[in-house]
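>>> take this sequence and fold it.
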Amino acid sequence: MRQRVLLPARANHVAESVEPEPKVTILPLVHRLPHRYGTYLLDPESFALNKWEAANERDGYRNWEEAAVGRSDDPEATRERIAKFKAESRIKAYAVIGFFSAALLYSSYQYQHGGL
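The predicted model follows:
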């Protein structure tokens, strides 16, 4: 049996107007779980990427950079970090390409002149 709490007149009106929340059932979620878990087991990386892409499409972002900037608390700092990361990655990539190109040229020269 419910017991009524005595409140001031103004609060009584608010307490009576609030309706109880409907019960949330887990049944609709249970039917989707085997399919989603099976999809995850088949390819976990694609599962996560597909979820990320779906969230980006739903929120209206065109690429990962816009999504990162849009979801961050400090967009300017995030833009700067992304720009710095891209610049450093570009420099590292050129360094690796240059190293292997030089190694290939050196070995080619050595092979032609009987060194190796």
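>>> hey, which helix or strand in this structure has the poorest pLDDT?
Of all helical and strand segments in the chain, the minimum by mean pLDDT, DSSP states H and E falls on helix 9-17, at a mean of 53.
>>> check which helices and strands the biggest helix by length in the chain sits against.
Taking DSSP state H as the criterion, the chain has its longest helix at helix 75-112. Secondary-structure packing of helix 75-112 (3 or more CB pairs under 8 Å, 6 or more residues apart in numbering; DSSP states H and E): helix 64-71. Every residue, glycine included, has its C-beta placed from N, CA and C.
>>> who touches the helix it packs on?
Outside helix 64-71, the residues that touch it by CB atoms under 8 Å, 6 or more residues apart in numbering are 52, 55, 56, 59, 61, 75, 78, 79, 82.
>>> let me see the contact set for the first one.
What it means is residue 52. The contact partners of residue 52, by CB under 8 Å, 6+ apart, come to 64, 67.
>>> quick one: it from residue 110, how far?
Between residue 52 and residue 110 the distance is 48 Å, computed by CB to CB, to the nearest Å.
>>> what's the answer for residue 84, then?
Residue 84 sits 39 Å away from residue 110, going by CB to CB.
>>> and what of residue 65?
Residue 65 is 44 Å from residue 110, where distance means CB to CB.
>>> between those two, tell me which one has more neighbours.
A count of neighbours by other CB atoms under 10 Å puts residue 65 above the other of residue 65 and residue 110, at 14 against 11.
>>> tell me the mean pLDDT for stretch 95-114?
Taken as a whole, stretch 95-114 has a mean pLDDT of 91.
>>> what residues of that stretch count as buried?
The neighbour-count check on stretch 95-114 (16 or more other CB atoms under 10 Å) flags nothing as buried.
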